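> fold the following for me, if possible:
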Amino acid sequence: MLTVGDPIPSPQEIIEARDQAGMTQAQAAALVHAKAESWRAWEAGRYKMPAGLFELFCIKAGVPNPFYPDFGDPGGSPGDQ
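Numbering: from 1, shown residues only. This is a model prediction of the structure:
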């Protein structure tokens, strides 16, 4: 789980989000207009995935974002952290 002040998702968090979305690496990459090669590198830990791109993936794929666990909850918002 990400903690406040840790804006970079770990490879495991990227894999878990993609698995929750039921997508292949190529599908996940295409969703955020990235190359499949880049997605594989993020999941392998060779490069760090930009936090904004991870957030975009979570929003577009409809999966929970560990940065904002209450986002979308009527009682919470990203600023409530």
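> please work out how many residues are found near the nearest residue to residue 51 once chain neighbours are set aside.
In this structure, residue 51 finds its nearest non-sequential neighbour in residue 7, 4.0 Å apart by CB to CB, 6 or more residues apart in numbering. Just so you know, the C-beta spots here come from the backbone N, C-alpha and C atoms, and that holds for glycine as well. Neighbour count for residue 7, taken as other CB atoms under 10 Å: 13.
> what segments of this structure are strands?
Per DSSP state E, the chain carries no strands over any range.
> return the per-residue confidence for the spatially most central residue of it.
For the chain, the residue nearest the mean C-alpha position is residue 54 (3.2 Å; CA atoms, centre = their mean). Here the pLDDT value assigned to residue 54 is 96.
> and the closest residue to it other than its chain neighbours, how far from residue 59?
Of all residues not flanking residue 54 in the chain, residue 9 sits nearest, at 4.6 Å (CB to CB, 6+ apart). Distance, residue 9 to residue 59, by CB to CB, to the nearest Å: 14 Å.
> and if you look at residue 16?
Counting by CB to CB - residue 16 and residue 59 are separated by 16 Å.
> residue 43 now?
Applying CB to CB to residue 43 and residue 59 gives a distance of 19 Å.
> more neighbours, these two?
residue 43 (19 against 14).
> what sits against that one?
Neighbouring residues of residue 43 by CB atoms under 8 Å, 6 or more residues apart in numbering: 11, 14-15, 18, 25.
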